[in-house]
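In: With the sequence up front, the predicted model follows.
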Amino acid sequence: MDVNGRSDEDRIENGFNPEENEKLYDKNNKKGIEALSVEQIFEAQQVPSWRKQLKLRAFVVSFILSILFSFIVMKLNLTIGIIPSLNVLAGLLGFFFVKTWTNLLENFGLLKQPFTRQENTVIQTCVVASSGIAFSGGFGSYLFGMSECIAKQSRDICGFKNPSLGWIMGFLFVVSFLGLFSVVPLQKIMVIDFKLTYPSGTATTHLINSFYTPQGAKLEK
């Protein structure tokens, strides 16, 4: 039982404990702990339940970062038209904001739930999905290109559509769910059958995992 009222079982279930693993790192550094793979480091840890992965603080940070990233995506979309992968940046900023908040609470003895890598992944996924809609939803291209104002500029006053807010929401809802239905067969073909690596996803995985390894916890402090 620690000062915050958490049992040892709860600490293991909620993810990596930097204090305990840092001691392990210092004790076994000469024995080659640096050579351990990520799978070996986390194999003894239980994965938190989905209720403990979906936390209010994660959604608050995701909402703030989604607004910021949407402005960035729209700026790039309307200027150069090329959007870089934002997976790594979303994971990094999500870790920075929540870790700063949890460290502040821990200093005052108010921290009840540690910040786990699963929660970090939830933030990264929400931010990338929200900012992706700003680009793939056509806000900087075809969505407003079908309006009456653009039709008058091209002297085509017959075929146009003034997109209202309700129409845009319904359109984005349908487009987003089509992606869910297509990702399952694509995952089976591309990842499982052909064993292709997903560069941005793989890089994000290594980044988030590195925050919770003994070496990463030591550098983070």
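Out: Thanks, I have the structure now.

In: Endpoints of stretch 190-198, how far apart?
Out: With Cα to Cα, to the nearest Å as the measure, stretch 190-198 spans 9 Å from end to end.

In: pLDDT (mean, whole number) over that stretch?
Out: Mean pLDDT, stretch 190-198: 79.

In: top helix in this protein by residue count?
Out: As assigned by DSSP state H, the longest helix anywhere in the chain is helix 56-79.

In: Would you mark the buried spots in that helix?
Out: Judged by neighbour count using 16 or more other Cβ atoms under 10 Å, the buried positions of helix 56-79 are Arg57, Ala58, Val61, Ser62, Leu65, Ser66, Phe69, Ser70, Val73, Met74, Leu76, Asn77. From N, CA and C alone the C-beta is placed, and that goes for glycine too.

In: Then stretch 137-151?
Out: Applying 16+ other Cβ under 10 Å to stretch 137-151 flags Gly137, Gly138, Phe139, Gly140, Leu143, Ala151 as buried.

In: Strands of the chain, residue ranges please.
Out: Counting by DSSP state E, the chain has no strands at all.

In: Name the spans of it whose pLDDT lies under the cut-off.
Out: Within the chain, the ranges that satisfy pLDDT under 70 run 1-40, 42, 156-157, 214-221.

In: any idea which residue sits dead centre in it?
Out: Gln124 (0.7 Å; Cα atoms, centre = their mean).

In: so how far is His206 from Ile189?
Out: 24 Å (Cβ to Cβ, to the nearest Å).

In: of all the buried residues of helix 56-79, which two lie farthest apart?
Out: Pairwise distances across these (Cβ to Cβ) peak at 29.7 Å, for the pair Arg57 and Asn77.

In: Need the buried residues of helix 56-79 in TSV (columns: distance to Ser164).
Out: Compiled in TSV, the buried residues of helix 56-79 are given as follows (distance: Cβ to Cβ, whole Å):
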residue	distance to Ser164
Arg57	35
Ala58	32
Val61	31
Ser62	27
Leu65	28
Ser66	23
Phe69	25
Ser70	20
Val73	23
Met74	20
Leu76	26
Asn77	21
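
In: can you tell me which of the residues you listed lies nearest to Glu43?
Out: Distances from Glu43 to those, taken as Cβ to Cβ, are shortest for Ala58 (24.7 Å).

In: who are the neighbours in contact with the closest one?
Out: Shown in contact with Ala58 (Cβ atoms under 8 Å, 6 or more residues apart in numbering): Gly94, Val98, Glu119, Val122, Ile123, Cys126.

In: which ones among those residues are found in helices?
Out: Going by DSSP H, the helices hold Gly94, Val98, Glu119, Val122, Ile123, Cys126 from the contacts of Ala58.

In: How about the first one: what's its closest non-neighbour residue?
Out: Put plainly, it is Gly94. Leaving aside its sequence neighbours, Gly94 sits nearest to Ile123 (Cβ to Cβ, 6 or more residues apart in numbering; 3.5 Å).

In: hmm, back to that, can you give me the distance of the residue nearest to the centre of the chain to Thr204?
Out: Gln124 is 6 Å from Thr204, where distance means Cβ to Cβ.

In: where do the contact lists of those two overlap?
Out: Asn87, Ala90, Gly91.

In: Contact partners for the first one?
Out: Spelled out, it's Asn87. Gln124, Val128, Ser200, Gly201, Ala203, Thr204.

In: try Gly137
Out: Here Gly137 is in contact with Leu143, Ile168, Phe171, Leu172, Val175 (Cβ under 8 Å, 6+ apart).
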